[in-house]
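K.L.:
whatever this is, show me its structure:
(4 chains)
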There are 4 protein chains.
Amino acid sequence: MIKTKIPVRFNDCDAMGHVNNAVYYTYFEEGKREIFRWFTPTMDLNDWRVIVASTHCDYIQEINYDEELTIYTWISTISRSSFDVEHAISGTNGIWHARGRVTLIGYDYKEKKVMPLTEAIKGILKQHQDVPEGVPALRQIRIAEKSED
Amino acid sequence: MIKTKIPVRFNDCDAMGHVNNAVYYTYFEEGKREIFRWFTPTMDLNDWRVIVASTHCDYIQEINYDEELTIYTWISTISRSSFDVEHAISGTNGIWHARGRVTLIGYDYKEKKVMPLTEAIKGILKQHQDVPEGVPALRQIRIAEKSED
Amino acid sequence: MIKTKIPVRFNDCDAMGHVNNAVYYTYFEEGKREIFRWFTPTMDLNDWRVIVASTHCDYIQEINYDEELTIYTWISTISRSSFDVEHAISGTNGIWHARGRVTLIGYDYKEKKVMPLTEAIKGILKQHQDVPEGVPALRQIRIAEKSED
Amino acid sequence: MIKTKIPVRFNDCDAMGHVNNAVYYTYFEEGKREIFRWFTPTMDLNDWRVIVASTHCDYIQEINYDEELTIYTWISTISRSSFDVEHAISGTNGIWHARGRVTLIGYDYKEKKVMPLTEAIKGILKQHQDVPEGVPALRQIRIAEKSED
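P.N.:
You can find the predicted model right below:
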């Protein structure tokens, strides 16, 4: 599990006075910084090796300006060329603000094609599958209900 | 179904040279402008009546700068106090770039509590349930698979 | 002079309920799209040829969500390797919301060095020096006053 | 002088692979957090008391993803109802990335009118007029030259 501290910026908030729903994905992205480094140790953006396939966020409790957040990031499913990154956002007082999941795919930007995960990468991913204590589940029932519509 | 034209801004793109994954949600938000107007005809931000409960996006094809997108927006599930807004992003050439779903909840920002949808609003929502022709499905199987993990 | 229509996005606004001060520069950037095209007709981001040297904005009247703006863009000073792009933002009702100036420099991103403007480019720039009627001046006196402090 | 640490976010960078010119103003805004607190000790966004009148930034050296910046913030001119906030951005290695100035005005958002600075506020502002050592000047000559065009 990776813990990332994020200060909420004034401009992260929209006219409702709270962090805009899209910005949660920017927080998730910051939570993945070390994962990016596993794929590209130099952090050279011209040598990037993952692409985002899908993203999901459940909003639990609105986030205010001037708060310092902790983004919890861990790995769940690991497949041949993709893996799921789980995220949870907590506030200073231990409140859970959001829960998300991002599916990343190994990707060659020059050839524009999917790349299988190496065994080395899979090994590192497996070392980060511990789940934060007390973290809320994604709203599974809701999603299941939806998949029937 | 609502169709919204969006010009891709230079600053919507990240270092990979394509629109950043979080910005798709800003596009979805723009696709919901008329929905916001159904709830708040004056568009007075101090009289806002919906809040975002969850968001999801499947990324199909990367989006470039200087493109003009069409955001397709329609309603699927309508519940007592919440409803699902479906989104799809297409490019000028008819390519599908993304498919998403956003769950909105009727909300009283002053009282900070959920509000049931009025019959009038439900009536309008029902008039916008037509699905765009040829639109890709959300990656349901993938989600179903995940709900078992 | 170039005229660019920009719809104000929900997420362009901050917690004050108006467009955030930094977003004006994104609007200015959109106003420069045709200028970018003069330098890079293919709009290939790997073949970009200008870099931003300095930016300035005077805020005249706040901008609301759901407004459609017009960004006026024209050229003032043209130097050996740099030039000044002037911007003004007006609303649907003819109100002036802001006035800005951005200095761009011809730049080779691979060699990381300044490039003189070609005669061809200078010729195009000179054709876009007409000033919009009634446009407010930059707050010159204020700046002059400041340069003495 | 106020020092604020800012981690550069992935999404702060644009397609050129460096922090976008507009985002520097978001960094400046974060540098002003303590100033906002002087005006609104509760940080209640409904009780905000300053508005941005003008902003300026000189770009010195591009900023990369995964860098940690220090924003230096101090006060120069103090007038009846407005004051100038000076900013400089430095990297971990002591390089100066940018130099800026933002003019703020005391403002009553409910009455929509300018408010003179109180003596108490002026007193605090005067205590933060120390200039960081070795900080570059704004490009004054360039501005002076421009004011004659």
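K.L.:
what about the strands in chain A?
P.N.:
For chain A, the strands defined by DSSP state E cover A:2-7, A:50-59, A:68-78, A:82-90, A:96-108, A:113-114.
K.L.:
could you dump the ones you listed into JSON lines with distance to C:D14 added?
P.N.:
In short, each C-beta sits where N, CA and C put it, glycine included. Compiled in JSON lines, these are given as follows (distance: least, Cβ to Cβ, whole Å):
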{"stretch": "strand A:2-7", "distance to C:D14": "16"}
{"stretch": "strand A:50-59", "distance to C:D14": "19"}
{"stretch": "strand A:68-78", "distance to C:D14": "18"}
{"stretch": "strand A:82-90", "distance to C:D14": "20"}
{"stretch": "strand A:96-108", "distance to C:D14": "19"}
{"stretch": "strand A:113-114", "distance to C:D14": "39"}
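K.L.:
between these, which gets nearest to B:G31?
P.N.:
strand A:50-59 (16.7 Å; Cβ to Cβ).
K.L.:
give me the sheet partners of that closest one and which way each runs.
P.N.:
Applying DSSP bridges, strand A:50-59 is found paired with strand A:96-108 (antiparallel), strand B:50-59 (antiparallel).
K.L.:
and the shortest one, how far out from the chain middle?
P.N.:
Meaning strand B:50-59. 7 Å (Cα atoms, centre = their mean, to the nearest Å).
K.L.:
tell me what angle that strand forms with strand B:82-90.
P.N.:
Angular relation of strand B:50-59 and strand B:82-90 on a 0 to 180 degree scale: 40 degrees, by axes from the mean of the first three to the mean of the last three Cα atoms, to 10 degrees.
K.L.:
residues contacting strand B:50-59, please?
P.N.:
A:16, A:21, A:51-59, A:139, A:142, B:21, B:24-25, B:28, B:35-36, B:39, B:82, B:87, B:97-107, B:109, B:136, B:138-139 (Cβ atoms under 8 Å, 6 or more residues apart in numbering or on different chains).
K.L.:
buried ones among the residues you listed?
P.N.:
Neighbour-count burial (16 or more other Cβ atoms under 10 Å in any protein chain shown) is assigned, among those, to A:16, A:21, A:51-59, A:139, A:142, B:21, B:24-25, B:28, B:35-36, B:39, B:82, B:87, B:97-107, B:109, B:138-139.
K.L.:
contacting residues around A:A98?
P.N.:
A:24, A:57-61, A:63, A:87-89 are the contacts of A:A98 under Cβ under 8 Å, 6+ apart.
K.L.:
whoops, A:D84 was the one
P.N.:
Per Cβ under 8 Å, 6+ apart, neighbours of A:D84: A:75-78, A:101-104, B:146.
K.L.:
swap in A:R101?
P.N.:
A:R101 sits in contact with A:55-56, A:76, A:84-87, A:138, B:146, where contact means Cβ under 8 Å, 6+ apart.
K.L.:
isn't A:V8 up against A:Y65?
P.N.:
Yes: look at A:V8 against A:Y65 with Cβ atoms under 8 Å: they come within range, at 5.6 Å.
K.L.:
any common contacting residues for those two?
P.N.:
Shared contacts of A:V8 and A:Y65, counting by Cβ under 8 Å, 6+ apart, come down to A:V19.
K.L.:
for chain A, give me the ranges with low pLDDT.
P.N.:
A:140-149 (pLDDT under 70).
K.L.:
tell me which parts of it are close to chain C?
P.N.:
Chain A comes close to chain C at residues A:10-11, A:13-18, A:20, A:22, A:65, as judged by Cβ under 8 Å from any Cβ of the partner chain.
K.L.:
so which of those residues comes closest to B:I124?
P.N.:
Of those, the one sitting nearest to B:I124 (Cβ to Cβ) turns out to be A:M16, at 22.0 Å.
K.L.:
report how many residues lie close to the spatially closest residue to the closest one that is not a sequence neighbour.
P.N.:
Spatial nearest neighbour of A:M16, excluding adjacent residues (Cβ to Cβ, 6 or more residues apart in numbering or on different chains): B:W48 at 6.2 Å. For B:W48, the neighbour count with other Cβ atoms under 10 Å in any protein chain shown is 16.
K.L.:
quick check on B:W48: phi, psi?
P.N.:
The phi/psi pair for B:W48 (degrees, to the nearest 10) reads phi -80, psi 150.
K.L.:
tell me if I'm right that it and B:T42 touch.
P.N.:
No: between B:W48 and B:T42 there is no contact, the gap being 10.6 Å when judged by Cβ under 8 Å.
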